[in-house]
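> Build me a model:
(chains A and B)
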Amino acid sequence: MKQGGFSFDFDRIVDTTNKDYYKWTQWIFVQLFKKGLAYRDKTYINFCPSCKVVLSNEESQGGKCDRCDTVVVQKEKDVWFLKITDHAERLLEGLKKLDTLPRIRIEQENWIGKSTGAHVDFRVKDTNESLMVFTTRPDTLFGSTFMVIAPEHGIIERQKAKINNLDEIYNYLEGAKLKTEFERVELAKDKTGVRIDGLVAINPVNNKEIPIFVADYVMIGYGTGAIMAVPGHDTRDYEFATKYNLDIVEVISGGDISKEAYTDSNEGILVNSGIINGLNVPEAIDKIIEFLEENKIGTKAINYKMKDWAFNRQRYWGEPIPIIHCPKCGMVHVPEEDLPVVLPQVEKFEPSDEGESPLSTIEEFINVKCPKCGTMAKRETDTMPQWAGSSWYFLRYTDPRNDDKLADFDKLKYWLQVDWYNGGMEHVTRHVIYSRFWHQFLFDIGVVPTEEPYKKRTAQGLILGSDGYKMSKSKGNIVNPLEIIEAYGADTLRLYILFIGDYEQSTPWNENGVKGARRFLDKLARLEEKVSDQMNDSYQTILHKTIKMVSEDIESVKFNTAIAKLMTLVNEFTKADHIFKEDFEALLKIVNPFAPHICEELWERIGHNEDMVNAPWPEYDESKLVESTIEMVVSINGKVRDKIKLPLDTPKEEVIVLAKSTDKITSLLEGKEIRMIIVVRNKLVNIVI
RNA sequence: GCGGGUGUGGCGGAACUGGCAGACGCGCUAGACUUAGGAUCUAGUUCUUAGGAGUGCAGGUUCAAUUCCUGUCACCCGCACCA
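Below is the predicted model:
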């Protein structure tokens, strides 16, 4: 970093693995625990048999471990959760105020996955329980002709005495278990399921008895793990109903349900639907929810795809969770004054085969007195994920050595919000959601002065290997920046990376391009020989234009075009027979952000003792931006035919006369009738024939 | 399937509210200086049947379209039996 010449304040270094830092990560956890936002629960978790580690949903996308690609298995375990779902709505709301890339915004919205609809209770006949479903389309309730529950749904065990085909069902559940989440999704085309013989549900709006199926196309993790199937208006239900010969009822007119489900039904009118017949869809939804609530069979509901954040890991490298398990008091947090709970020295860094944390074998770490009652108790041995420390580190920059607080409130007030947070594309989704959640929480307990951490959030494009693929060790297409600095210099590297392409776009690395950047710097250095005390008018316009455009490009993060313009200017200076010293200084100042080392060097060589970084940014002279003579394009029917040189702001009538009089244009116009002439001031003349 | 993004020379990429398509760089070609050139400089470099054609493809609006509209294709990314 230092070699690259970045202007970071290295006095404010923050290291999330340092105990003076993670003390505050643990402190935040304690606050979350006190507010009930950190809780422990037994659940099926994603477990990677290779890393021997519990994974969050975020880390096991596609059913594979995001570190080693091993297929993830489900395992029952005690899991620490952070109740991020409590913030679902706020996280979504706050997004509106965040200035960010469309892509990031969409990913966030997707991740939160809000949908509105209703919860509806379906009584199960001859039992004392009912199945609750979530639906976004309560208006189609009258068309629900069967129900489907997820294989993991608890009702199977609870009502097994009533089920006649238990063997068949268990058999199916076994099969479903063997499939990974990934396969269940992949083999989506062919729907399988088993009817639960013995259990019948009652559709609460028309009291019809409908069969219940168990099928793995319903997920336990989303909604309630049970659905009301409306085959007439849902493709999956339609497919299932056709396969198992179930009733298909049309409740929204407009389609042809003998051929396929009519899903594009927002236009249609309700039919076969009792009290909501004749209404359009939005009206029907309102009315049926009203009905459900009046009769206590359902409620309006909002569902989020996002789940609580599984927060414990069994890795060594992580902040120990500051909780003590006391036989008398239960779970007690470590008192704030006793923080940090320091990560002990350990011989074995690997978790046990059972997936226990490596800390679990260290007696002197585990055994501890309960801070409440003094009884011998045991420490929690799981640690936090890497996300913990990275969810708030930027706050610590404001006050990196504070030992009393995670950061002084007044300092936070001075610095926050972060004006612009930029980071790598690969971490964006999770980092944005986690850090905003923590920040909102810290705001709620009065630790930070703003509800949202940053105003603007972007991510820069990746630099790919020269083969156009993502750089990776296995592909052998890695470029080591230090080697480039060694061979071409830090300025070259900086310049090339910024010149290579659009800031947000991924671009392949090209060593030849690096040479080009170096050539530019060599050219710049050679200009020094031409510096003189004599003014030079020959390049004034382009100089001032470049100052203006480079300033603007930097503001709008278009570094590639800024550098292109600098190159043009240097080419222009190369042609000049001498360069006025002040003009050369102006050039150095605008090249400086891209190539600071060489500019400082040249700055000194032309007689400055003071550092260049403190020199003011040059200003352009408005009067020098435009030349007095301009070139106008003369086109016929939109095709460029000739160019004429004219004084700036020549009146329209004169322009027309001059345009028509050139040799080329006269010959082309011969014998033709001019239908109209369009003049764009100082730009072009278009003659239509 | 849904959503987002991107399609411009041999390559990376420019082109503000429609107004000279290909800036700038790489690569390539020829020449100069040189024992030499992988240094430097100069000239050229979208294609071309030399009239034109040309910004993924097909239409449309306009005096004028990479830019606006309609349709369509391809690639990349994200989500995904989401009820």
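> Nearest to RNA strand B within the stretch 251-400 of chain A, name that residue for me.
A:Lys305 (3.9 Å; Cβ to the nearest atom of the strand). Quick note: C-beta positions are derived from backbone N, CA and C, even for glycine.
> residues in contact with that residue?
A:Asn110, A:Trp111, A:Ile112, A:Gly113, A:Lys114, A:Ser115, A:Tyr222 (Cβ atoms under 8 Å, 6 or more residues apart in numbering).
> One more: A:Asp15?
Taking Cβ under 8 Å, 6+ apart, one finds A:Tyr21 in contact with A:Asp15.
> So it versus A:Tyr21, what's the distance?
Going from A:Asp15 to A:Tyr21 by Cβ to Cβ, to the nearest Å gives 6 Å.
> returning to that earlier point: ok, and which of the contacts of A:Lys305 reach RNA strand B?
When contact is defined as Cβ under 7 Å from any atom of the strand, the contacts of A:Lys305 meet RNA strand B at A:Asn110, A:Trp111, A:Gly113, A:Ser115, A:Tyr222.
> Who wins on neighbours among the residues you listed?
Greatest neighbour count in the ones next to RNA strand B among the contacts of A:Lys305, by other Cβ atoms under 10 Å, goes to A:Trp111: 19 neighbours.
> How about the contacts made by that residue?
A:Lys305, A:Met306, A:Thr429, A:Ile433.
> coming back round to it: mind putting the ones next to RNA strand B among the contacts of A:Lys305 into TSV with pLDDT?
Below are the ones next to RNA strand B among the contacts of A:Lys305 laid out as TSV (pLDDT from 0 to 100):
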residue	pLDDT
A:Asn110	86
A:Trp111	88
A:Gly113	89
A:Ser115	88
A:Tyr222	87
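> could you flag which of the contacts of A:Trp111 are buried?
Among the contacts of A:Trp111, those buried by neighbour count (16 or more other Cβ atoms under 10 Å) are A:Met306, A:Thr429, A:Ile433.
> Please report the distance of the second one from A:Lys470.
Relative to A:Lys470, A:Thr429 is positioned 17 Å away (criterion: Cβ to Cβ).
> One more: the last one?
The span separating A:Ile433 from A:Lys470 equals 23 Å under the rule Cβ to Cβ.
> burial measure for A:Pro651, as a count.
9.
> Please disregard the earlier target; I meant A:Thr458.
Neighbour tally, A:Thr458, other Cβ under 10 Å: 17.
> In contact with it, which residues?
By Cβ under 8 Å, 6+ apart, A:Thr458 lies in contact with A:Thr100, A:Leu101, A:Ile104, A:Trp420, A:Tyr421, A:Asn422, A:Glu504.
> ok, A:Lys548 touching A:Glu619?
No. A:Lys548 lies out of contact with A:Glu619 (Cβ atoms under 8 Å); the separation is 9.2 Å.
> More neighbours: these two, which one.
A:Lys548 (17 against 11).
> Which strands border the host helix or strand of A:Ile212, and is each parallel or antiparallel?
Assigned by DSSP states H and E, A:Ile212 belongs to strand A:209-214. Strand A:209-214 has the following sheet partners, assigned by DSSP bridges: strand A:146-149 (parallel), strand A:194-202 (antiparallel).
> Of those strands, flag the one that's most buried.
strand A:146-149 (a mean of 24; mean count of other Cβ atoms under 10 Å).
> Check which helices and strands the helix or strand just after it is in contact with.
Reading on from strand A:146-149 to the C-terminus, the next helix or strand found by DSSP H and E is helix A:155-158. Packed against helix A:155-158 by the contact rule (3 or more Cβ pairs under 8 Å, 6 or more residues apart in numbering; DSSP states H and E) you find no helix or strand.
> which outside residues touch the very next helix or strand once past helix A:155-158?
Following helix A:155-158 in sequence order, the next helix or strand is helix A:166-178 (DSSP H and E). With Cβ under 8 Å, 6+ apart as the test, helix A:166-178 has contacts from A:Gln74, A:Pro151, A:Ile156, A:Lys160, A:Ile163, A:Arg184, A:Thr192, A:Gly193, A:Val194, A:Ile196, A:Val214, A:Asp216.
> Buried ones from those residues, can you make that a ChimeraX selection?
Of the contacts of helix A:166-178, the buried ones can be selected in ChimeraX as follows, counting by 16+ other Cβ under 10 Å:
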select /A:151,156,163,192,193,194,196,214,216
